[in-house]
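Q: predicted model follows, preceded by the sequence.
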Amino acid sequence: MTALPFEARRDQVHRKGDGTFRLACNRESLAGAVSQRACVFCGARVVLYPVADALHLVHGPVGCAAYTWDIRGALSSGPQLHRLSFSTDLREREVIFGGEEKLYRALTELIGRHRPAGAFVYSTCVVGLIGDDLGAVCKRVAAEQGIPVIPVRSEGFQGTKRAGYAAACEALFRLVGTGPTDGISPVSVNILGDFNLAGELWIVRGYLERMGVEVVANLTGDGRVAHIARCHGAALNLVQCSGATLALARRMEEAYGVPFRRVSYFGVDDMAEALYAVGDHFADRDPGLPGRARELVREELSILEPRLRSIRADLEGRRVAIYVGGAFKAFSLVKAFRLLGMRTVIVGSQTGTAEDYRELHEITDPGTVIVDDTNPLELSALLLEQGADLLVGGVKERPIAYKLGIGFCDHNHERKLPLAGFEGMLRFAEEVHRTVTSPVWRFAPRRAGSREVCHA
Amino acid sequence: MPESAAPAFVSTTNACHLCMPLGACLAFKGVEGTVPFLHGSQGCATYMRRYLISHYREPVAIASSSLGERQAVFGGGPNLRQGLWNVITAMRPRVIGVATTCLTETIGEEPGPLVEAFLAELAGKNPGVTLPRVVTVRTPSFGGTHTEGFRRAVRALLKALARPGPAGSHLNLLPGMASPADLRHLKDVVRAFGLEAAVIPDPSDPLDGPIWDAYTPVPPGGTPPEALQAAGRARATVALGCMAGDASGPGAWLRDRFGVELLPLPLPVGLRASDRFFAVLEELSGRPTPGWVRAQRGRLVDAYVDAHKYLAGVRAAVVADEDLAVGLSGFLAEIGVHVAYVATGDRSGSLEGAVDAATAGLLREPPAVREEVDYYTVAEETRDLGLGLVVGTSKAYPLARDWGIPLVRVGFPIHDRFGAARQRVLGYAGTQDLFDRVVNALLAQQQEASAVGYGYL
Ligand code: SF4
Ligand code: SF4
């Protein structure tokens, strides 16, 4: 491997085939390295935000709320309350004398104004430092207003996004079990870990309902407080993603005996497997279900395959780099690109675990670079070295790819196209095709071999 | 409508303002070879980068000292040092602009002395490494908005870099938070007067650059640090915006410290404000306004006349940072739009007076002027105003959509349209662009609402 910009990160980058595989991870970001990571609050907000009939109040100075105002899809089929950005907008006074009183007044005012089904109150760095007792204020307001008001321990400095997922699961768990479970079918599931950024939850839910499976609650895409409150009555939890909601599934299993299965809805194989898993799980209660699952997959594939074939012809052999938040998504992407005939030459995540990286190492080809918590300088060096034609990442990675004359697909929060399921796979293939086959790349200095567009 | 200009504020819903360090980062991006660096936890830096990237569609590196729980309790000094060292060795900047965040301000950590001690320690010990200048600025968000952060960072840059010396003939031009295209235009016109002026800061190239052939950690362009050094020797400072003359601003600092004459002007948006700007350039250069600029003015007035009937009677709301809010109000008033409501998230206390001055003699009744408001309040207060137009950032879109009226996107941020960096509003040329957009927005609205579907308007 060529020289890396940050010596201290040497053990967070590995090329498959270069010695034994060990990748350091789950570290605090290196100061000064312009990490692509966010903070605990960001993680908590990602998970809880799609609960559309809840009030999401960010307790802290204005920025934390302002930068997260309606920045993700998180589509709702009903209320849109979650799309507003509420902040206690702390000022000097509260930073010195404490913000509990202001929080109380803010909650009271906002609940009176919007009549939400519940409220989540996020703490931020400053609140962690001034030591406001969020729990006490939430309890008081809950009692006065008669709705659940749940504190979320999400002080940014307490760790990475993953700690935020845990804080969000903790908050959700307080809500679970507080509603009635009567009338729930024995063949029923909760969908955990999909946030309905662009409507993918509706695709998955559609498949399940077509098979005859009741969906009790979505956690949290297109989510509702009342559904979450009764979701312990479901027979199975389907958990997506590398752990955003895994902790919740584990706790629900312990407390309510609801088993869970980890699934992915991205890519043909993973989507089919998820449906088969549901079919098999309920085979004793509904013997026809496995058959219906296979039937559905067959139907969908017969529509998808001919269309994918023509796209694949153009993409065969192209080289792709994947850098996403969670490693679980990376697994699915590696497989999906294989289906498109493309080679994964870099794969990495912001928050993968040792186990995740071992698995990535297993499923990738020799020569693939595996990387944890990268930064623009390092990523761009790797992109050029590995000759990538495409980068899949989030909005912060987009300008890096474009500046270097490399195609880009958003597989993160800001995408507007649902990429789940069979139809999602087609959309994804089309998007990859749109960027990779664009004529503009030939003008990029890297390809044109010219320096004429260099800085003056 | 409530009469008090300061709403009894308990919480904020859909803020009109952003936080101080963001403004500071923008200012730092405008000095050549500078890397902005936030002293605080990682999240703030990442959020701000993302916000800036979505507007400029350019890579924006903002380093962070990435404080964790331990550092929040025991102090962030070690992380600050490590972070600076990593930036120095990996990015080789000429300047590092360190801004504090709420976290470090709350624990009361002043970065200045920490930085000085660190640099002193490094001096001479690492022969292969050129040490950058490190500028620090205090930007606790709970004490002000992003525009205040911008001003403070400009002042901090000048304080750190400007040096005394024999007076020169050059000027300082402090444009405030202007778009790259506006900055380019300003530089062109100033040059056309034969004036030599340092635009401070000038992020036009760093935030709107060409495609690259290799990754460039610190994009080229920006005001050279040498020009900041020479700022104390300038003949005069032309500062734009409604806070340009403020005693705590960068222009006043140069005046008080070095005796550089300060010429504060409103942002040159619209004909009259631009006239004032060009009059000052005439005076400073002793030359008449160049022919091509006069021609721009002539075409602008011609356009005002051609389109005046499309605009008559339209009632508008302006929601923007205060400098721009004033400029836009004056511009809209002079083209015959009735400015009914002007709002900002800023809180300098100067908006009302500045709007009055900018719209003097043009409006039948003065607009409602609101400082320190959020979009929720704006929506509540504009519901019954019979608005036909909103001029402001993308964040006003939900409001415009609810009211079923066009939004002309101006300022920062613009997250739902392309080409924000190339948008102009300053000078006759910028005003012309803005004017066309306003007229076309109204025409488009009329066309879409028409049952006939006129193809000829
Ligand atoms: S903590 Fe302060 S500096 Fe950080 S994002 Fe929030 S408001 Fe801005
Ligand atoms: S202040 Fe803390 S919680 Fe808020 S954005 Fe910054 S790191 Fe995250």
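A: Structure's in. What do you need? Ligands and ions are numbered 1, 2, ... in the order given.

Q: what mean pLDDT does stretch A:176-183 get?
A: Confidence for stretch A:176-183, expressed as mean pLDDT, is 96.

Q: roughly how far is that stretch from the heart of the chain?
A: Stretch A:176-183 sits 27 Å away from the centroid of its parent chain (CA atoms, centre = their mean, to the nearest Å).

Q: do stretch B:137-154 as well
A: Between the centre of stretch B:137-154 and the centre of its host chain there is 12 Å, according to CA atoms, centre = their mean.

Q: quick check: buried residues in it?
A: Using 16 or more other CB atoms under 10 Å in any protein chain shown as the burial criterion, the residues of stretch B:137-154 that qualify are B:137-154. (Glycine included, C-beta is placed from N, CA and C.)

Q: is that stretch in proximity to ligand 1?
A: Yes: if you take CB under 6 Å from any ligand atom as the test, stretch B:137-154 does meet ligand 1, through B:Ser141.

Q: contacts (any at all) between chain A and that stretch?
A: Yes: Stretch B:137-154 lies within reach of chain A by CB under 8 Å from any CB of the partner chain, at B:140-143.

Q: break chain B into its domains for me.
A: B:20-161, B:171-209+B:217-285, B:301-449 (automatic domain parsing).

Q: out of those domains, which one sits most buried?
A: For the domains of chain B, the largest average neighbour count (mean count of other CB atoms under 10 Å in any protein chain shown) is found in domain B:20-161, namely a mean of 23.

Q: which stretches in the chain count as strands?
A: As the question left the chain open, I've gone with chain A. Secondary structure of chain A by DSSP state E: the strands cover A:13-15, A:54-59, A:86-87, A:118-123, A:149-152, A:188-194, A:214-220, A:236-240, A:260-263, A:319-324, A:343-349, A:369-372, A:390-393, A:407-410.

Q: actually chain B
A: Ranges of strands in chain B, per DSSP E, are B:12-13, B:34-39, B:63-64, B:95-100, B:133-137, B:171-174, B:197-199, B:236-240, B:261-265, B:315-319, B:338-343, B:368-370, B:389-392, B:407-409.

Q: so for whichever residue of chain B sits closest to chain A, what's the nearest residue that isn't a sequence neighbour?
A: Chain A sits closest to B:Gly43 of chain B, with a gap of 2.5 Å, by CB to the nearest CB. Leaving aside its chain neighbours, B:Gly43 sits nearest to A:Cys39 (2.5 Å; criterion: CB to CB, 6 or more residues apart in numbering or on different chains).

Q: residue contacts, that neighbour?
A: Under the criterion of CB atoms under 8 Å, 6 or more residues apart in numbering or on different chains, the neighbours of A:Cys39 are A:125, A:156-157, A:160-161, A:164, B:41-44, B:46.

Q: so, low pLDDT: which residues of chain A?
A: Within chain A, the segments meeting pLDDT under 70 span A:1-4, A:28-29, A:36, A:241-242, A:413-414, A:448-456.

Q: residues from it in reach of ligand 1?
A: So chain A meets ligand 1 at A:61-64, A:125 (CB under 6 Å from any ligand atom).

Q: out of those residues, which one sits closest to B:Gly419?
A: In terms of CB to CB, no member of the residues of chain A next to ligand 1 lies closer to B:Gly419 than A:Gly63, at 26.0 Å.

Q: contacts only, for that closest one.
A: B:18-19, B:21-22, B:44, B:47-48, B:102, B:141.

Q: let's go with 7 Å and repeat that
A: B:18-19, B:44, B:47, B:141 (CB atoms under 7 Å, 6 or more residues apart in numbering or on different chains).

Q: about what we covered before: distance of the residue of chain B closest to chain A from B:Thr13?
A: 21 Å (CB to CB, to the nearest Å).

Q: can you check B:Gln82 too?
A: Taking CB to CB, one finds B:Gln82 at 39 Å from B:Thr13.

Q: and A:Glu397, by the same measure?
A: Relative to B:Thr13, A:Glu397 is positioned 31 Å away (CB to CB).

Q: more neighbours: which of those two?
A: A:Glu397 (26 against 23; other CB atoms under 10 Å in any protein chain shown).

Q: is it true that that one touches A:Leu391?
A: Yes: here A:Glu397 lies in contact with A:Leu391, judged by CB atoms under 7 Å, at a distance of 6.0 Å.

Q: who touches both of the two?
A: Joint contacts of A:Glu397 and A:Leu391 (CB under 7 Å, 6+ apart) are A:Tyr323.

Q: out of the strands of chain A, flag the one nearest chain B.
A: strand A:86-87 (4.7 Å).

Q: anything in that closest one near ligand 2?
A: No: using CB under 6 Å from any ligand atom, strand A:86-87 stays clear of ligand 2, with a minimum separation of 10.3 Å.

Q: looking at chain B, which helix is longest?
A: Ranked by number of residues, the top helix in chain B under DSSP state H is helix B:427-449.

Q: before we move on, back to that, so which of the domains of chain B is nearest ligand 2?
A: Nearest to ligand 2 among the domains of chain B is domain B:20-161 (2.6 Å), distances taken as CB to the nearest ligand atom.

Q: mean confidence for the closest one?
A: Taken as a whole, domain B:20-161 has a mean pLDDT of 93.

Q: same thing with stretch B:411-429?
A: pLDDT averaged over stretch B:411-429 gives 96.
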